[in-house]
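Novice: Here is a sequence together with a model predicted from it:
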Amino acid sequence: TGKMSKPAKAVSSSPSRKLPLPLIGAVIGILVLLGGGWFAWTKYQKEPEEVAAPAGDAIIARATTMISVGKYDDAIKLLQDIKPNDPVHDQALLLIADIRNKRNNTAQLINGIPVEQYYTERVAAARTAFASRDYTTAKIAFDEALRVRALPPEVKEQYDASVQQVAKLTSAKSLFAERKYAEAITNLQQLLDQDPRNVAIQRLLTDAHFNNATVALQAERTADAIRELDQVLKVNPNDETAKRARELAARYDQEPKDLLYKIYVKYLPLRQPT
């Protein structure tokens with residue numbers, strides 16, 4: 001009889017091996033570090049955008065201050081530093097365009113007034129002065145209008161007449177420069193007799209009388225000063241400086257001249273022809 005074979009032993013499955021706790025902790029720690037690093041890296045990548053906005057706002061604020069004081073070129077240079085990725089870049093471009101437009105308009109201003117308006121106002125002022133025979137004022141206004149462009153023919157005639165009238169005062173103005181006020185008075189009185197309504201002659205004549213009075217006061221000739229100041233006040237009763245000078249002359253007439261008198265007359269200004 002053959003030998004019977006022994007039944008095969010059943011293969012038993014071995015139990016699964018568990019990871020040690022320290023190793024698990026180390027893995028978790030690595031994952032935490034990796035996650036934190038990723039968060040920090042992404043935050044760092046976004047920082048330029050987050051910083052750019054307040055930096056751009058600060059530049060615009062500085063540029064606005066520069067614009068307010070007329071520093072247009074400096075403001076433009078500053079605004080051009082704002083980068084294209086800046087949230088306020090488009091605002092900066094609009095502000096630059098506005099500055100350039102404002103600068104161009106400013107170049108077309110005279111004394112802060114648009115050129116055409118300035119020209120019209122100066123011509124109107126000149127014609128008004130000419131009509132009142134104030135030829136000196138008329139010539140000044142005409143000259144200012146000529147800074148813009150030539151005068152039309154009918155206005156040019158008034159300008160030429162004003163130039164001729166003002167030229168008549170040249171001799172008297174030279175006498176002012178030499179402080180020969182008595183001679184200037186004689187010269188101007190002759191001109192006024194020929195043209196009694198000439199405002200420029202009247203004004204220069206009263207200024208000559210005032211200056212002659214000032215010289216008399218400084219020489220302590222109060223009676224002469226009173227006589228000259230009366231001529232000034234006859235033409236212009238509201239001349240406050242002349243009124244105060246006359247009051248001083250009357251108070252100290254025939255009286256000793258003290259320090260108050262001497263200080264007052266020392267600083268009494270002479271009038272200059274326009």
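Specialist: Noted; the coordinates are in hand. Being a predicted model, the structure only gives us computed values, none of them experimental.

Novice: For residue 111, the count of nearby residues, please.
Specialist: By other C-beta atoms under 10 Å, 6 other residues sit near residue 111. Yep, even glycine has a C-beta here, placed from its N, CA and C like the rest.

Novice: Identify the residues contacting it.
Specialist: Residue 111 is in contact with residue 118, counting by C-beta atoms under 8 Å, 6 or more residues apart in numbering.

Novice: Residue 118 against residue 124, yeah?
Specialist: No. Using C-beta atoms under 8 Å, residue 118 makes no contact with residue 124, being 10.9 Å away.

Novice: Show me which of the two is the more surrounded one.
Specialist: residue 118 (19 against 12).

Novice: confidence score at that one?
Specialist: In this prediction, residue 118 carries a pLDDT score of 92.

Novice: In contact with it, which residues?
Specialist: 109-111, 144, 148.

Novice: can you give me the strands in the chain?
Specialist: Taking DSSP state E, the strands of the chain run over residues 109-110, 113-114.

Novice: Dump those strands to CSV, plus mean neighbour count, distance to residue 88 and mean pLDDT.
Specialist: Formatted as CSV, these follow (neighbours: other C-beta atoms under 10 Å; distance: least, C-beta to C-beta, whole Å; pLDDT from 0 to 100):
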stretch, mean neighbour count, distance to residue 88, mean pLDDT
strand 109-110, 13, 30, 81
strand 113-114, 12, 32, 87
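
Novice: how about the helices in the stretch 101-250 of the chain?
Specialist: Secondary structure of the stretch 101-250 of the chain (DSSP state H, counting those that start in this stretch): helices at 115-131, 135-145, 153-167, 170-177, 181-194, 199-218, 222-235, 240-252.

Novice: Specify the stretch among those that is closest to residue 67.
Specialist: helix 115-131 (22.1 Å; C-beta to C-beta).

Novice: what's the angle from that closest one to helix 153-167?
Specialist: If you take axes from the mean of the first three to the mean of the last three C-alpha atoms, to 10 degrees, helix 115-131 sits at 60 degrees to helix 153-167.

Novice: buried residues in helix 115-131?
Specialist: For helix 115-131, a neighbour-count test (16 or more other C-beta atoms under 10 Å) marks 118-119, 122-123, 125-127, 129-130 as buried.

Novice: Dump it to CSV, restricted to CA.
Specialist: Provided in CSV are the C-alpha atoms of helix 115-131 (Å, rounded to 0.1, in the frame of the first residue of the first chain):
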residue,chain,number,x,y,z
VAL,A,115,-5.0,136.5,-24.4
GLU,A,116,-8.1,137.6,-26.4
GLN,A,117,-9.8,138.8,-23.3
TYR,A,118,-6.7,140.7,-22.2
TYR,A,119,-6.4,142.4,-25.6
THR,A,120,-10.0,143.4,-25.6
GLU,A,121,-9.9,144.8,-22.0
ARG,A,122,-6.7,146.7,-22.7
VAL,A,123,-8.0,148.3,-25.9
ALA,A,124,-11.3,149.3,-24.1
ALA,A,125,-9.3,150.8,-21.2
ALA,A,126,-7.1,152.7,-23.6
ARG,A,127,-10.0,154.2,-25.5
THR,A,128,-11.8,155.2,-22.3
ALA,A,129,-8.7,157.0,-21.1
PHE,A,130,-8.2,158.6,-24.5
ALA,A,131,-11.8,159.9,-24.4
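
Novice: how far does it sit from the chain's center?
Specialist: 24 Å (C-alpha atoms, centre = their mean, to the nearest Å).

Novice: what does stretch 212-229 give?
Specialist: For stretch 212-229 - counting by C-alpha atoms, centre = their mean - the centre lies 43 Å from the chain centre.

Novice: and that stretch, which residues are buried?
Specialist: Buried-residue list, stretch 212-229, by 16+ other C-beta under 10 Å: 212-217, 221-222, 224-229.
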